[in-house]
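In: how does the following fold in three dimensions:
(chains A and B)
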Amino acid sequence: MPSHDAKRASAELSRRSLLQGAATVGAAGLAATTVAAVANPALAATARASAAGQPRLGGERPASSGPIVVHVRNAKSGDIEVFSGTSQSRLRDKDLAARIARAIG
Amino acid sequence: MSSHREAPEISKDPVADSTDVYAFVSPDHPSTVTLIANYIPLQGPAGGPNFYEFGDDVLYEIHIDNNGDGEADISYQFRFSTQVLDPDTFLYNTGPIASLGSTNWNRRQSYDVTAMNGYSYATLASGLACPPCNIGPLSTPDYASLAAQAVHSLGGGVTVFAGQRAEGFYVDLGSIFDLADLRPFENLHAQYGLNVFSGPAAGVNATDQLNVHSIAIQVPISSVTRPGHPTIGVWTTASRQRVRLWDADNGENVNSGPFRQVSRLGNPLVNEVLIPLGRKDLWNSLPPSDDKQFAGYVTQPGLAALLPALYPGVFPKLAALVASGKPRADLQAILLTGIPAGLISGFENLTGSVLADMLRLNTSIKPTPASKQSIYGLLGGDVAGFPNGRRVTDDVVAIELRALAGVTYPLVDKSFTADAAAAKLTDGLTPASVSSPYLGQFPYLGVPYSGFDNPS
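Out: Okay, the predicted model is just below:
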């Protein structure tokens, strides 16, 4: 069964900002880094249509100053999830996944 | 249990684990409906110094479907914040807590309430105080009055409370989870040849003297129903953000990403008893509108097949019904669609054809006076009780056991007569098995047990 997250339209995250984050990645496949000023409107909290198991949020808290978390789901295929605030993006980028993999040794 | 620790994953996350949902026309304010969602199961009252509290990182919701599609039309969202006045002491409180504003209360919670209606939302209130946990005569000397201060009237007929309460759900966990033993009938149990029981015994309320955390909201019926459609479907969910990362440098969890549902509860015992182990976690992650895929577990319930095997010779008619393979349309109506008109005189709570596990309440039915209530609800001829919503005192264990055993099957097949034992099934408990009395007013669940006095 495809995941509900896979069904969702993903917002585009700035590849540049992600690369900046990847350059400071820690030592895990689930890599986290704090970027103070990621001013990407696509990552702002939005009231999207409620998919299965995904609540719509009322009175959401600001999402711009928290950590950005990068999850390389599959380094081979370049399947990457990026989380910030209460948003997520999904992208497919083999080169980026490879760079992240190299960054963690 | 109703839904305490009912699925493998959520059993490891008690802060987000919903335990019971209640929905009933408020007996003392019959123009309103009271909705209660309980979380954090099986709290030992003495569980300090870090007493139980809601999760700041959990999104708690109570949902209402008022058009029968199994999707939320109105959702009340509750978000909690914890404040520590003095981080340099290990104490929850540094002296008696006489009021919610007491500076002796060191670690406290407040919450925001938001009403979602479609794509719009309204913040109903912010910074509402929770009460502390009930600690004992020195720390919380007049707990009932203290907790009463945490009942907040928001205007417009809306009243809310969020905090610790006495567990009101009574159930003999120890026997039921010992291979479906029911103490009042345990001499009839097959006992696997072990011959442990020689006669009937009284039930034991395993949840007595334990607490839960309740989120309760009372709202005007007119604000949650559509004109001409008095029946609503109610359920609760808890959601967490997708990423939780332990920040070792700061000694705290960091959360990120969108919220995803990790716990769900509508009708009691559905995920607990009917959904198989391998699908319980999935069930918890989905909305009621996705329940069609689980309908077979309702219409061909495993427990109905087990009863004749575990109690040989007691349920021959149920055994024949199970062997016939006929789907249990009665259970489908009770749990997944509501009961249509014409089956029970003067009653219906059908929401439509969508199969969705929701606690359905026909709000046009007036509350039954306390002296005339039956804890067996509809099965006891009391149309204001479960499965027409659920009151805090309803014996949902006995009601569902009896329904599973075939008592309600004649509603859909008048040629069927249930076994005589089916209508007597019980785990031997009643509301009197709950030591802390239920309240006659909001939030209706009793004063939580204090750590000083419990266990005694």
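In: neighbours of whatever residue of chain B ends up closest to chain A, how many?
Out: Going by C-beta to the nearest C-beta, chain A is nearest to B:Tyr121 of chain B, at 3.0 Å. Where C-beta positions appear, they are placed from N, C-alpha and C, glycine not excepted. Per other C-beta atoms under 10 Å in any protein chain shown, the neighbour tally for B:Tyr121 reads 18.
In: for it, give the beta-bridge partners.
Out: B:Met116 (DSSP bridges).
In: list the residues that contact it.
Out: B:Tyr121 makes contacts with A:Arg56, A:Gly58, A:Gly59, B:Gln77, B:Thr114, B:Ala115, as judged by C-beta atoms under 8 Å, 6 or more residues apart in numbering or on different chains.
In: touching, the last one and B:Ile62? I think so.
Out: No. With the criterion set as C-beta atoms under 8 Å, B:Ala115 and B:Ile62 do not qualify as a contacting pair; they are 10.2 Å apart.
In: mutual contacts of the two, please.
Out: B:Ser75, B:Tyr76.
In: okay, those two: which has more neighbours?
Out: Using other C-beta under 10 Å as the criterion, B:Ala115 and B:Ile62 rank with B:Ile62 on top: 24 against 21.
In: wasn't A:Gln88 part of a strand?
Out: Yes. Under DSSP: H, G, I helix; E, B strand; the rest coil, A:Gln88 falls within a strand.
In: that one and B:Arg260 touch, don't they?
Out: No. Judged on C-beta under 8 Å, A:Gln88 makes no contact with B:Arg260 at a distance of 9.9 Å.
In: in three-state terms, how would B:Asn271 be classified?
Out: Under the three-state scheme (three-state DSSP), B:Asn271 adopts helix.
In: neighbours of it, how many?
Out: By other C-beta under 10 Å, neighbour count at B:Asn271 equals 26.
In: so how far is B:Ser374 from the residue of chain A found nearest chain B?
Out: Chain B sits closest to A:Gly58 of chain A, with a gap of 3.0 Å, by C-beta to the nearest C-beta. Relative to B:Ser374, A:Gly58 is positioned 39 Å away (C-beta to C-beta, to the nearest Å).
In: what about residue 76, how many residues nearby?
Out: Just so you know, I chose chain A. Using other C-beta under 10 Å, the number of residues around A:Lys76 comes to 10.
In: wrong one, chain B
Out: 25.
In: can you point me to the longest strand in chain A?
Out: Longest strand of chain A, by residue count under DSSP state E: strand A:67-74.
In: just the CA atoms of the helix or strand following it, as CSV, please.
Out: The first helix or strand that comes after strand A:67-74 along the chain, using DSSP states H and E, is strand A:79-84. C-alpha atoms of strand A:79-84 as CSV (Å, rounded to 0.1, in the frame of the first residue of the first chain):
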residue,chain,number,x,y,z
ASP,A,79,14.3,9.6,-2.5
ILE,A,80,14.6,12.3,0.1
GLU,A,81,12.1,13.8,2.6
VAL,A,82,12.7,17.2,4.1
PHE,A,83,10.9,18.4,7.2
SER,A,84,10.5,21.9,8.6
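In: run the angle between strand A:79-84 and strand A:67-74 for me.
Out: 170 degrees (axes from the mean of the first three to the mean of the last three C-alpha atoms, to 10 degrees).
In: which other helices and strands does strand A:79-84 contact?
Out: strand A:67-74, strand A:87-92, helix A:94-103, strand B:231-247, strand B:252-265 (3 or more C-beta pairs under 8 Å, 6 or more residues apart in numbering or on different chains; DSSP states H and E).
In: for the longest one, list every residue counted as buried.
Out: Spelled out, that is strand B:231-247. B:231-243, B:245 (16 or more other C-beta atoms under 10 Å in any protein chain shown).
In: what do you get for the shortest one?
Out: Residues of strand A:87-92 classed as buried by neighbour count (16+ other C-beta under 10 Å): A:Ser87, A:Gln88, A:Ser89, A:Arg90, A:Leu91.
In: next, format those as TSV and append distance to B:Leu401 and pLDDT.
Out: Converted to TSV, the buried residues of strand A:87-92 look like this (distance: C-beta to C-beta, whole Å; pLDDT from 0 to 100):
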residue	distance to B:Leu401	pLDDT
A:Ser87	46	92
A:Gln88	43	94
A:Ser89	48	94
A:Arg90	46	95
A:Leu91	51	96
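In: which one of these is nearest to B:Ala162?
Out: Nearest to B:Ala162 among the buried residues of strand A:87-92: A:Ser87, at 27.3 Å, using C-beta to C-beta.
In: ranges for the helices of the stretch 51-200 of chain B?
Out: Assigned by DSSP state H, counting those that start in this stretch, the helices in the stretch 51-200 of chain B fall at B:143-148, B:173-176.
In: now do the buried residues in the last one.
Out: Residues of helix B:173-176 classed as buried by neighbour count (16+ other C-beta under 10 Å): B:Leu173, B:Ser175, B:Ile176.
In: so what pLDDT did the first one get?
Out: The confidence metric pLDDT takes the value 95 at B:Leu173.
In: if I look at it, how far off is B:Gln191?
Out: B:Leu173 sits 19 Å away from B:Gln191, going by C-beta to C-beta.
In: same check on B:Tyr311?
Out: 10 Å.
In: who has more neighbours, those two?
Out: Comparing B:Tyr311 with B:Gln191 by neighbour count (other C-beta under 10 Å), the higher total belongs to B:Tyr311, at 22 against 15.
In: and for the residue nearest to that one when sequence neighbours are not counted, the neighbour number?
Out: Computed as C-beta to C-beta, 6 or more residues apart in numbering or on different chains, the closest residue to B:Tyr311 that is not its neighbour in sequence is B:Leu188, at 5.1 Å. Neighbourhood size, B:Leu188 [other C-beta under 10 Å]: 17.
In: pretty sure B:Leu188 contacts B:Phe315?
Out: No. Using C-beta under 8 Å, B:Leu188 is not in contact with B:Phe315, being 10.0 Å away.
In: one step back: the residue of chain B closest to chain A and B:Arg279, how far apart?
Out: To B:Arg279, B:Tyr121 is 32 Å away according to C-beta to C-beta.
In: check B:Val447 too.
Out: 38 Å.
In: can you pick out the residue with more neighbours from these two?
Out: Remark: of B:Val447 and B:Arg279, B:Val447 carries more neighbours, 18 against 14, as counted by other C-beta under 10 Å.
In: ok, so what distance separates the residue nearest to the more buried one when sequence neighbours are not counted from B:Gly428?
Out: Spatial nearest neighbour of B:Val447, excluding adjacent residues (C-beta to C-beta, 6+ apart): B:Ala144 at 5.1 Å. Separation of B:Ala144 from B:Gly428 (C-beta to C-beta) stands at 30 Å.
In: those two: who's more crowded?
Out: B:Gly428 (21 against 12).
In: check contacts around the closest residue to the more buried one other than its chain neighbours.
Out: Leaving aside its chain neighbours, B:Gly428 sits nearest to B:Gly203 (2.5 Å; criterion: C-beta to C-beta, 6+ apart). The contact partners of B:Gly203, taken as C-beta under 8 Å, 6+ apart, are B:Asp172, B:Ser175, B:Leu182, B:Arg183, B:Pro184, B:Thr426, B:Asp427, B:Gly428, B:Leu429, B:Ser433.
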